[in-house]
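J.: curious how this folds, go ahead:
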Amino acid sequence: MKGLFLKHPVMRKLLAFGLMAGFTLALAEAFKVAPEKYRGWNHVKSMVIFDQKHPLFNPFNGVHHVYVNNKGLEAIKRDGEREFPNGTVIAIVFYEHVHDNGAYVEGAKRIEAFMVKDRKYKETNGWGYFAYDGNGNNLVKDMAKDCHACHSQVKNKDFVFSVWTK
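T.: I've put the predicted structure just below:
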């Protein structure tokens, strides 16, 4: 009976389609840009969250840098309401903050995160959210719950907290 299932041409096609769809879905849920690429993008700002008084201390304490590709540059420079074009990618990189002779400097990489503007992310208002720990392990299980719920606080800024440092 088992062999009969795969001998039928329609069943073979359905199995092949299912495998391809699953593989495509798995690929769609991962997004990464190499550091040597995003470091060549537009530097939006850097910040050190070092004190528990800051609302983002847990989990985002440390040194972080924000970069945006050319697609999103004009939008991130706008004050007030703004809308990012499709194809915008924002990279946010978090490092441990290390006290070194009176200064805070970057320690080990803690988180590498990406926001991707694409209409296909309908549930999260056109934004895909991806984040990886310092070892490259995926941190985002559910974009809507893990990321977009918080980003909804800045809906009028197209869900992006970061603003251009003038």
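
J.: can you list the low-confidence ranges for the chain?
T.: The model of the chain has pLDDT under 70 over residues 1-29.

J.: tell me where it has helices.
T.: 2-7, 9-28, 35-38, 57-60, 73-77, 143, 149-151 (DSSP state H).

J.: longest strand of this structure?
T.: Looking across the chain with DSSP state E, the single longest strand is strand 103-117.

J.: please enumerate residues in contact with that one?
T.: With contacts defined as CB atoms under 8 Å, 6 or more residues apart in numbering, strand 103-117 is touched by 31-33, 35, 48, 50, 59-60, 62-63, 71-72, 84-98, 126-134, 139, 159-160. Where C-beta positions appear, they are placed from N, C-alpha and C, glycine not excepted.

J.: among these, which are in strands?
T.: Assigned to strands by DSSP E, the following of the contacts of strand 103-117 qualify: 48, 62-63, 89-98, 127-133.

J.: contacting residues around stretch 73-86?
T.: Counting by CB under 8 Å, 6+ apart, 42, 44, 68, 71-72, 88, 90, 117-119, 126, 156-158, 160, 162-164 sit against stretch 73-86.

J.: now with 7 Å, please.
T.: By CB atoms under 7 Å, 6 or more residues apart in numbering, the list of residues contacting stretch 73-86 from outside reads 42, 44, 68, 71-72, 88, 117-119, 156-158, 160, 162-164.

J.: nearest residue to the residue most central in space within the chain other than its sequence neighbours?
T.: Nearest to the geometric centre of the chain sits residue 114, at 2.2 Å (CA atoms, centre = their mean). Nearest residue to residue 114, sequence neighbours excluded (CB to CB, 6 or more residues apart in numbering): residue 130, at 4.6 Å.
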